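> Okay, structure incoming, though there's no sequence with it:
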């Protein structure tokens with residue numbers, strides 16, 4: 001937290017929209033490898049984030065592959081902002097709305113870190129709202145990222161999965177995408193382990209998004225791990241950072 005708060009004015013200037021747009025990784029012909037490497041190499045990223053890059057590199061690559069310079073992106077359930085910073089670099093002169101419920105900012109003391117991100121990166125904007133009450137932005141989002149927290153939406157009092165996905169649908173432009181990465185439960189578990197093992201069955205996620213009107217655009221095994229038998233809590237040292245994760249992309253029809 002403290003390292004984030006100490007970001008300098010010089011870093012803020014370095015990561016202006018103009019600086020992003022002029023960077024080689026923001027060129028139309030930039031390779032995915034170059035874009036991923038550049039996002040991870042930004043010097044304002046705190047040690048608490050760079051320390052986990054090795055276990056999140058595959059997720060970062062999957063995420064960056066599905067956004068582009070100029071995109072307006074929502075990072076839903078951003079936590080302290082790891083993926084927000086990656087997205088901020090990947091969209092270059094685009095923008096990122098970094099969302100948390102107020103309860104997360106309070107319970108996990110995430111607000112200071114998020115405020116530091118927004119101060120350091122002019123293309124990051126904070127959004128504090130319930131998961132099912134994200135306001136319709138102008139312009140509509142090109143992409144929404146839900147990184148290992150979709151299962152958490154089931155754990156809030158009064159949760160209604162239909163309300164969350166329906167709300168997200170309304171914030172996304174026609175043809176826009178939702179990128180979902182989450183820890184898999186075993187087949188047949190549905191949403192029974194969202195608050196115990198912090199896992200959710202892929203079939204449940206597919207059903208939720210289909211019911212909201214989304215089309216499945218991609219079902220990737222990029223984050224799969226056959227060695228995970230789905231029986232352990234995702235924070236267990238045996239599987240932490242190496243769970244079997246779904247990597248899904250849903251599209252709002254044009």
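Received, thanks. Given the structure is predicted, the values throughout are model-derived calculations rather than measurements. Residues are numbered from 1 along each chain as shown.
> Return the distance of stretch 30-43 from the chain's centre.
Stretch 30-43 sits 17 Å away from the centroid of its parent chain (Cα atoms, centre = their mean, to the nearest Å).
> Then stretch 28-48?
Worked out by Cα atoms, centre = their mean, stretch 28-48 lies 16 Å from the chain centre.
> what kind of secondary structure is residue 173 in?
strand (DSSP: H, G, I helix; E, B strand; the rest coil).
> So it sits against residue 139, correct?
Yes: the pair residue 173 / residue 139 is scored as a contact, 7.0 Å apart, by Cβ atoms under 8 Å. C-betas here are computed from N, CA, C, even on glycine.
> Look at those two and report which has more neighbours.
Taking other Cβ atoms under 10 Å, residue 173 and residue 139 do not tie; residue 173 has more neighbours (15 against 8).
> Now do the same contact list for that one.
By Cβ atoms under 8 Å, 6 or more residues apart in numbering, the contact set of residue 173 is 139, 140, 141, 142, 252.
> Quick one: the helices in the protein, in order.
2-5, 9-14, 17-22, 32-41, 47-50, 53-64, 82-90, 102-107, 111-120, 161-171, 202-211 (DSSP state H).
> What residues sit buried inside the fourth one?
The neighbour-count check on helix 32-41 (16 or more other Cβ atoms under 10 Å) flags 35, 36, 38, 39, 40 as buried.
> now swap in the longest one and tell me
For helix 53-64, a neighbour-count test (16+ other Cβ under 10 Å) marks 56, 58, 59, 60, 61, 62, 63, 64 as buried.
> any idea of the pLDDT on the third one?
By that I understand residue 59. For residue 59, the pLDDT comes out at 98.
> That one reaches residue 241, doesn't it?
No: using Cβ under 8 Å, residue 59 makes no contact with residue 241, being 10.0 Å away.
> list residues touching both of the two?
In terms of Cβ under 8 Å, 6+ apart, residue 59 and residue 241 are not both contacted by any residue.
> Which pLDDT does the model give the closest residue to residue 225 other than its chain neighbours?
Computed as Cβ to Cβ, 6 or more residues apart in numbering, the closest residue to residue 225 that is not its neighbour in sequence is residue 244, at 4.4 Å. According to the predicted model, the pLDDT of residue 244 comes to 98.
> what about residue 244, how many residues close to it?
A count of nearby residues for residue 244, using other Cβ under 10 Å, gives 21.
> which ones are touching it?
Residues in contact with residue 244 (Cβ under 8 Å, 6+ apart) are 183, 184, 223, 224, 225, 226, 227, 228, 230.
> Out of the contacts of residue 173, which sit inside strands?
Judged by DSSP state E, those include 141, 142 as members of strands.
> With pLDDT added, can I get the contacts of residue 173 in a markdown table?
Converted to a markdown table, the contacts of residue 173 look like this (pLDDT from 0 to 100):
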| residue | pLDDT |
| --- | --- |
| 139 | 96 |
| 140 | 98 |
| 141 | 98 |
| 142 | 98 |
| 252 | 98 |
